[in-house]
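Asker: could you look at this predicted model? Sequence included:
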Amino acid sequence: MNNTKVIYLAGGCFWGTEHAMRMLRGVIDTEVGYANGRVTNPTYEEVCTGLTNAAETVKVVYNPDEVELETILKAYFIITNPEFENRQGFDVGTQYRSGIYYVDEADEPIIRDYLAAEEQKHEAFYVELEPLESFYKAEDYHQDYLLKNHRGYCHVMPSDFEHIKSL
């Protein structure tokens, strides 16, 4: 796959974020893991302590000829409430913070402009924008969790998934 790009999205529990991103036409692959923490290859249990400073994050591999970064960001904000710091739904802690981590420096101004426009819609806004410093794949049972566990918990509303399908 020659024409692929990658973006990393943290928006609460990575199960729902991954499930939503997989619905977008042009997304080739996803992988859940832990980003920008201070511990090498942390476990889920370590991340849940809050001591690693890692965020539950989804690696999104996509074809930019089929889906634009702006569409991915639009989907991200359908499922993420930026008005809560370190929280989405009932999930609370630094591992559930909202963040966008880029690997291509050319993406940074696109994301920054999108965030500036999105921030105008909210009274409070807690979405960090940083280059990706580290990403460690989460345990296998977390990968594609909602596909394997249809009744699994998710902070994303079913209607939001339906809306993403139409993007």
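Answerer: Looks like it arrived, so ask away.
Asker: okay, helices next: where are they in this protein?
Answerer: Applying DSSP state H to the chain gives helices spanning 14-22, 44-48, 69-79, 107-119, 145-148, 158-165.
Asker: let's test this: name the helix or strand in the chain with the lowest mean pLDDT.
Answerer: helix 145-148 (a mean of 82; mean pLDDT, DSSP states H and E).
Asker: where does the protein have low pLDDT?
Answerer: Applying pLDDT under 70 to the chain flags residues 1.
Asker: who are the contact partners of the spatially most central residue of it?
Answerer: Nearest to the mean C-alpha position of the chain, by CA atoms, centre = their mean, lies residue 9 at 2.6 Å. Counting by CB atoms under 8 Å, 6 or more residues apart in numbering, residue 9 touches 17, 21, 57, 58, 60, 72, 76, 99, 100, 101. All C-beta spots, glycine's among them, are computed from the backbone N, C-alpha and C.
Asker: so which of the helices of the chain is the most surrounded?
Answerer: helix 14-22 (a mean of 25; mean count of other CB atoms under 10 Å).
Asker: output the contacting helices and strands for that helix.
Answerer: strand 5-11, strand 27-35, strand 55-62, helix 69-79, helix 145-148, helix 158-165 (3 or more CB pairs under 8 Å, 6 or more residues apart in numbering; DSSP states H and E).
Asker: may I see the buried residues of stretch 77-86?
Answerer: Across stretch 77-86, burial judged by 16 or more other CB atoms under 10 Å covers 77, 78, 79, 80, 81, 82, 84, 86.
Asker: okay, those in a markdown table with distance to residue 42 next?
Answerer: Output for the buried residues of stretch 77-86, formatted as a markdown table (distance: CB to CB, whole Å):
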| residue | distance to residue 42 |
| --- | --- |
| 77 | 27 |
| 78 | 29 |
| 79 | 24 |
| 80 | 22 |
| 81 | 25 |
| 82 | 25 |
| 84 | 23 |
| 86 | 17 |
